[in-house]
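K.L.:
Sequence isn't available, so here's the structure alone:
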């Protein structure tokens, strides 16, 4: 088994680390890079993995996973570039950072895979889209897929689609949480106890998502099955259309896509 180094032990870095261990990887096949001594001790105790600095972790690894904020990527690459071994795979989970940006800061020929994950990876229901850089082959993509599959589903997309992916699935959980929050507040406004509204809305969302995945039916068909002519659902949906909720989602996702593009161009 190849040695995987996770550089960046924030929420997503730790999520990937724990998912890899749950999926059967041995702690001896993983290293983590963390600067803060107290955080390093916490990770070592919790997961039994070796915790090193960025340069040490990069020098040891066959696969280097970069899980840092976009604005920190340039400095991290400058730090690890002299230590990346020939043949090592670099996998980036930073929003908006292109494979060409990473390739330009590493030795010639280093294979890079760009990933857009999302936070449901915390409960092994993540959605990750991956794109190859100019030096990737099938084996590199397969290795990246194996890593991300430990915390959810993986889809290959052309890199030019990654900004749209960021808008749809990368930021997507926040839209769902926003809708859930609004429905709970509406339930309270209608006279339900908050705890009741909370349970009703969350289970409704979980159940609807499960129907979408398990029935394979188009969301339009599932929506129509709930919507009786001149009924309560039809009345509610008419108000959503009158308030241009569908158009608002389009505008919101366009804004997220444009922000991803700005990050990629260094305007962030």
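P.N.:
That came in fine, so what should we check first? Values in this document were obtained by computation on a predicted structure and should not be read as measured data.

K.L.:
For the helix or strand hosting residue 139, buried residues please.
P.N.:
Residue 139 belongs to helix 138-149 when elements are defined using DSSP states H and E. By 16 or more other C-beta atoms under 10 Å, the buried positions in helix 138-149 come out as 140, 141, 143, 144, 145, 147, 148. The C-beta positions use only the backbone N, C-alpha and C, and glycine is treated the same way.

K.L.:
Direction included, what does whichever helix or strand comes after it pair against?
P.N.:
Note on helix 138-149: by DSSP H and E, the next helix or strand toward the C-terminus is strand 152-156. In the sheet, strand 152-156 lines up against strand 126-132 (parallel) (DSSP bridges).

K.L.:
Packing partners of the helix or strand containing residue 18?
P.N.:
Applying DSSP H and E as the criterion places residue 18 in helix 11-22. On a contact count with 3 or more C-beta pairs under 8 Å, 6 or more residues apart in numbering; DSSP states H and E, helix 11-22 meets strand 4-7, strand 30-33, helix 37-47, helix 138-149.

K.L.:
pLDDT on stretch 14-27, on average?
P.N.:
Mean per-residue pLDDT for stretch 14-27: 93.

K.L.:
Which residues does it contact?
P.N.:
Applying C-beta atoms under 8 Å, 6 or more residues apart in numbering, the external contacts of stretch 14-27 come out as 1, 4, 6, 9, 30, 32, 43, 47-49, 65, 67, 93, 117, 119, 121-122, 124, 126, 147-151.

K.L.:
among the helices and strands of this protein, which one scores worst on average pLDDT?
P.N.:
Counting by mean pLDDT, DSSP states H and E, the weakest-scoring helix or strand in the chain turns out to be helix 37-47, with a mean of 88.

K.L.:
Helix 11-22 and that helix, what's the angle between them?
P.N.:
Relative orientation of helix 37-47 versus helix 11-22 (axes from the mean of the first three to the mean of the last three C-alpha atoms, to 10 degrees): 30 degrees.

K.L.:
now residue 51, nearest residue through space, not along the chain?
P.N.:
Closest residue to residue 51 apart from its sequence neighbours, by C-beta to C-beta, 6 or more residues apart in numbering: residue 40 at 4.1 Å.

K.L.:
residues touching the one you found, list them.
P.N.:
32, 34, 51.

K.L.:
nearest to residue 225, of the residues you listed?
P.N.:
Nearest to residue 225, judged by C-beta to C-beta, of the contacts of residue 40 is residue 32 at 47.1 Å.

K.L.:
partners of that closest one in the sheet?
P.N.:
Residues in beta-bridge contact with residue 32 (DSSP bridges): residue 6, residue 51.

K.L.:
can you start the count at 894 instead of 1 from here on
P.N.:
Sure, I'll start numbering at 894, so the last one becomes residue 925.

K.L.:
Distance of the residue in the chain sticking out farthest from the centre relative to residue 1131?
P.N.:
What lies farthest from the middle of the chain is residue 1123; by C-alpha atoms, centre = their mean that is 40.2 Å. Per C-beta to C-beta, to the nearest Å, residue 1123 is found 10 Å from residue 1131.

K.L.:
what do you get for residue 1021?
P.N.:
37 Å.

K.L.:
Can you give me the distance of residue 1057 to residue 1093?
P.N.:
From residue 1057 to residue 1093 the distance is 33 Å (C-beta to C-beta).

K.L.:
The two: who's more crowded?
P.N.:
residue 1057 (19 against 14; other C-beta atoms under 10 Å).
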